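[1] Sequence isn't available, so here's the structure alone:
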């Protein structure tokens, strides 16, 4: 018999009989077609709480229920199945999902049908064989005429072997007190779902900006969530972490996943406190498919008040071991300062995320000017966004005096020169840290003490202006 092309050797097609309604003789199958409600509470740290309700006509007494389509990454020890008059006796998580490889492995020792395509006649030739073994997808088949190790055709499986399922399934043995139609809810925690916030800021003027927030939902939990009510929990919730073998942990970090991406823009989620966390509820039901990234509008706030500060952090070390030192040039960090309150046209809890900032150039074209992380921010908190270093403002400085005046006591004098080549005023903040407790002896500009070892000088630098700050301190070991 003429052997078909090599491609046919690899094409072992799977032909199944119609799917039965019961996975086992006494098992009642619950699919997502029986869904009566689905809600997700999604946390920042790769965790979600699922509440899946389905309708079922349940007989009185003992039954076995198969809750099909649960998350592949569900934590089975957290599963809670509940219903009126229902008592759960045992539950099992079946995650051995049907593939061509495990279907072949589970069929070893069973009789299967085979088909070989005849290119001359255009017809299939059918036969029966016993599947003796399989390794790396290569079956060993026993026919009436002998054993084939390189079978050139297709294998046809008449049924799905016990223990294999088309979707991850939670199977529960239950005792039901009252027969009839009722609603069962399966609640569980799963990994593989996360959300994060991203913010877009457009600078509108010297003191106003527009702030838009987006939520990105990522689902790689192993199942779809159709028409779900979604709530997002902001805050750092604690989880007990199992000890992982080092090689396994490294492999998980390197594992990559591909996502579809969709965006939805609608009314902003409603927010409310939840214990010590904050919860945002999406105002509409949404479908989150497996291996999908979805963007949802979180908030839109226009004309938010801000102040811009150019902050220098002194590189000079001032302590008991200080010697003469200097720095030639330093550019300041550009800091956008916002107060999260109603007076600033904000005043709502902000989940952590990344803020990306844009500003129009002289031609009116929007340009990216930097990005900054944002931590969880409560109402009333101060926000500081560092977008990078200013190009046209700089400082140079030096220690002009450093001498011991007693044991564990030293006097140090410093001179810092600031220059502004911008065509607008610049609000300057110069921050100096001290290696020991310090006492201020003199300063040319009024400063303020931030703590026992840090002092800050704030002033306005006019366009083209040069400003010199001098100060003298005494440091001690007390």
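    Okay, I see it. Note that the structure is a prediction, hence the values are computed from the model and not measured.
[2] And the nearest residue to residue 326 once chain neighbours are set aside, which helix or strand is it part of?
    Leaving aside its chain neighbours, residue 326 sits nearest to residue 398 (3.4 Å; criterion: C-beta to C-beta, 6 or more residues apart in numbering). Every C-beta, even on glycine, is put in place using the N, C-alpha and C of the backbone. For residue 398, the element it lies in under DSSP states H and E is strand 393-406.
[3] Neighbouring strands - and their directions - for that strand?
    Strand 393-406 has its sheet partners listed here by DSSP bridges as strand 326-330 (antiparallel), strand 409-420 (antiparallel).
[4] Let me see the mean pLDDT of the first one.
    Taken as a whole, strand 326-330 has a mean pLDDT of 94.
[5] The helix or strand just after it pairs with which strands, and in what direction?
    Downstream of strand 326-330, the first helix or strand assigned by DSSP H and E is strand 333-339. Strand pairing for strand 333-339, determined by DSSP bridges: strand 307-313 (antiparallel), strand 382-389 (antiparallel).
[6] how far is strand 333-339 from where the chain is centred?
    How far strand 333-339 lies from its chain's middle: 26 Å, per C-alpha atoms, centre = their mean, to the nearest Å.
[7] Run through who's touching it.
    With contacts defined as C-beta atoms under 8 Å, 6 or more residues apart in numbering, strand 333-339 is touched by 201, 209, 304-313, 344, 346, 357, 370, 372, 380-390, 429.
[8] Just the buried residues of the residues you listed.
    201, 209, 304, 306, 308-312, 344, 346, 357, 370, 372, 383, 385, 387, 390, 429 (16 or more other C-beta atoms under 10 Å).
[9] For residue 63, find the nearest of the strands paired with strand 333-339.
    Set against residue 63 and scored by C-beta to C-beta, the strands paired with strand 333-339 come closest in strand 382-389, at 55.6 Å.
[10] where along the stretch 101-250 of the chain do the helices fall?
    In the stretch 101-250 of the chain, the helices defined using DSSP state H, counting those that start in this stretch lie at 246-254.
[11] Low-confidence ranges, it, go.
    When residues are selected by pLDDT under 70, those of the stretch 101-250 of the chain lie in 163, 235-250.
[12] ok, now with 80
    102-103, 136-137, 160-166, 234-250 (pLDDT under 80).
[13] Strands of that one, residue ranges please.
    Taking DSSP state E, counting those that start in this stretch as the criterion, the stretch 101-250 of the chain contains strands spanning 111-118, 123-135, 138-143, 146-148, 154-156, 169-176, 180-191, 193-203, 208-219, 225-234.
[14] how does the chain divide up, domain by domain?
    According to automatic domain parsing, the chain comprises the domains 6-17+98-156, 47-97+165-191, 307-476.
[15] Relative to residue 285, which of those domains is closest?
    domain 47-97+165-191 (13.6 Å).
[16] Find the nearest non-adjacent residue to residue 473, please.
    residue 438 (4.7 Å).
[17] let me redo that: residue 93
    Nearest non-adjacent residue to residue 93, counting by C-beta to C-beta, 6+ apart: residue 76, 3.8 Å away.
[18] What is the burial count for that neighbour?
    Residues within reach of residue 76, counting by other C-beta atoms under 10 Å, total 16.
[19] What's the separation between it and residue 169?
    11 Å (C-beta to C-beta, to the nearest Å).
[20] burial count for residue 433?
    16.
[21] now do residue 294
    21.
[22] Would you format the strands of the stretch 101-250 of the chain as JSON lines with distance to residue 93 included?
    Below are these laid out as JSON lines (distance: least, C-beta to C-beta, whole Å):
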{"stretch": "strand 111-118", "distance to residue 93": "29"}
{"stretch": "strand 123-135", "distance to residue 93": "26"}
{"stretch": "strand 138-143", "distance to residue 93": "30"}
{"stretch": "strand 146-148", "distance to residue 93": "37"}
{"stretch": "strand 154-156", "distance to residue 93": "29"}
{"stretch": "strand 169-176", "distance to residue 93": "6"}
{"stretch": "strand 180-191", "distance to residue 93": "9"}
{"stretch": "strand 193-203", "distance to residue 93": "17"}
{"stretch": "strand 208-219", "distance to residue 93": "19"}
{"stretch": "strand 225-234", "distance to residue 93": "18"}
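[23] Make TSV from the strands paired with strand 393-406 and add mean neighbour count to it.
    As requested, the strands paired with strand 393-406 are exported to TSV (neighbours: other C-beta atoms under 10 Å):
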stretch	mean neighbour count
strand 326-330	12
strand 409-420	19
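[24] For residue 318, find the nearest of those.
    Per C-beta to C-beta, nearest to residue 318 of those: strand 409-420, 5.3 Å.
[25] Average pLDDT for the closest one, rounded please.
    The model assigns strand 409-420 a mean pLDDT of 96.
[26] after that strand comes which helix or strand?
    strand 426-433.
[27] So for that following strand, mean pLDDT?
    For strand 426-433, the per-residue pLDDT averages 97.
[28] Confirm that residue 77 sits in a helix.
    Yes: assessed with DSSP: H, G, I helix; E, B strand; the rest coil, residue 77 lies in a helix.
[29] possible to save the strands paired with strand 333-339 as JSON lines with distance to residue 443 and mean pLDDT?
    Below are the strands paired with strand 333-339 laid out as JSON lines (distance: least, C-beta to C-beta, whole Å; pLDDT from 0 to 100):
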{"stretch": "strand 307-313", "distance to residue 443": "16", "mean pLDDT": "97"}
{"stretch": "strand 382-389", "distance to residue 443": "25", "mean pLDDT": "95"}
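[30] Pull the distance from stretch 153-161 to the chain's centre.
    Stretch 153-161 has its C-alpha centroid displaced from the chain centroid by 41 Å (C-alpha atoms, centre = their mean).
[31] and if you look at stretch 395-407?
    49 Å.
[32] List the contacts of it.
    Outside stretch 395-407, the residues touching it (C-beta under 8 Å, 6+ apart) are 312, 314, 316, 318, 322-330, 332, 410-419, 430, 470, 472, 474.
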